[in-house]
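A.B. asks: give me coordinates for this.
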Amino acid sequence: MSVLLIAASPTQPSRSAALLDAAGQRLQARGARVERLQLRDLDPRALLLADTKHPDIAAAVAQVAAAQVVVVATPVYKAAYSGLLKVFLDLLAQSALQGKTVLPLATGGSPHHMLALDYALRPVLQSLAARHILPGIYASDAQITSTAQGAYTVGTDIAARLDDAVHTLITEALRPNSSGQSAGFAPVPFAQVRCSV
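C.D. replies: Residues are numbered from 1 along each chain as shown. A predicted model of the protein is given here:
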């Protein structure tokens with residue numbers, strides 16, 4: 001299984017990158033082949049001009065095309081995902097996520113912005129034809145704390161949610177059915193939907 005981790009924070013280090021790294025470590029531990037795409041490292045002029053022939057952009061688009069699973073992590077600014085992620089998603093083809101499972105992750109200053117995953121990011125991922133979009137994981141600043149060395153540590157509550165998301169991704173989204181294709185998710189009753197802040 002090939003997984004692409006898309007880091008959409010304009011800063012480094014960042015809480016969203018720490019959240020993405022924690023997801024990537026869990027996926028690698030379960031046998032996934034993980035690659036990383038750091039959007040802040042792409043050529044800014046080519047990105048803003050949607051120059052898909054530029055080597056940086058062409059390579060990034062090829063990474064998305066090759067992945068079976070995409071995990072995207074973004075900070076939330078002013079109740080929406082990062083502008084860096086918006087610019088990148090805008091240059092992708094309309095079917096860029098077709099057949100792919102996507103796990104959205106986000107971080108923000110407070111729990112008040114957690115709905116940005118569902119109301120801002122999820123519709124864009126759906127418009128790119130993602131096959132499955134897992135329930136997103138949102139972490140506030142209090143749930144990803146800074147160490148004395150300036151690194152970030154994911155709190156136990158978020159770590160547990162990442163464990164659940166990776167388990168669901170591995171066992172449900174990528175489990176082959178009798179025809180050899182992914183079986184997909186069973187319907188989830190609304191009463192079973194959980195939210196953690």
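A.B. asks: please make it C-alpha for all contacts and neighbour counts, starting now.
C.D. replies: OK.
A.B. asks: show me where this protein has helices.
C.D. replies: 15-29, 44-48, 55-66, 83-91, 116, 122-127, 156-168 (DSSP state H).
A.B. asks: list the residues that contact the residue most central in space within the chain.
C.D. replies: The centroid of the chain falls nearest to Val72 when counting by Cα atoms, centre = their mean (1.8 Å). Counting by Cα atoms under 8 Å, 6 or more residues apart in numbering, Val72 touches Leu5, Ile6, Ala7, Ala8, Leu20, Val102, Leu103, Pro104, Leu105.
A.B. asks: by neighbour count, which of these wins?
C.D. replies: Counting neighbours by other Cα atoms under 10 Å, Ala7 leads the contacts of Val72 with 29 neighbours.
A.B. asks: and the gap between the closest residue to that one other than its chain neighbours and Ile144?
C.D. replies: Once flanking residues are discounted, Ala7 sits nearest to Gln38: 5.0 Å by Cα to Cα, 6 or more residues apart in numbering. Distance check for Gln38 against Ile144: by Cα to Cα, to the nearest Å, it reads 20 Å.
A.B. asks: between these two, which is the more surrounded one?
C.D. replies: Ile144 (23 against 15).
A.B. asks: from the middle of its chain, how far away would the helix or strand bottoming out on mean pLDDT in the chain be?
C.D. replies: Here the helix or strand of the chain ranked lowest by mean pLDDT, DSSP states H and E is helix 116, holding a mean of 83. Relative to its chain's centre, helix 116 lies at 13 Å (Cα atoms, centre = their mean, to the nearest Å).
A.B. asks: identify the residues contacting it?
C.D. replies: Val76, Ala79, Ala80, Tyr81.
A.B. asks: repeat that for stretch 150-163.
C.D. replies: 13-15, 18-19, 22-23, 26, 137, 139, 143-147.
A.B. asks: okay, the closest residue to Ile137 other than its chain neighbours: pLDDT?
C.D. replies: Counting by Cα to Cα, 6+ apart, Leu105 is the residue found nearest to Ile137 once chain neighbours are left out, at 4.9 Å. Among the per-residue scores, Leu105 shows a pLDDT of 96.
A.B. asks: try Pro187
C.D. replies: For Pro187, the predicted pLDDT is 59.
A.B. asks: mind listing what Gly108 touches?
C.D. replies: Per Cα under 8 Å, 6+ apart, neighbours of Gly108: Pro75, Val76, Tyr77, Met114, Tyr138, Ala139, Ser140, Asp141.
A.B. asks: again, 7 Å this time
C.D. replies: Pro75, Val76, Ala139, Ser140, Asp141 (Cα atoms under 7 Å, 6 or more residues apart in numbering).
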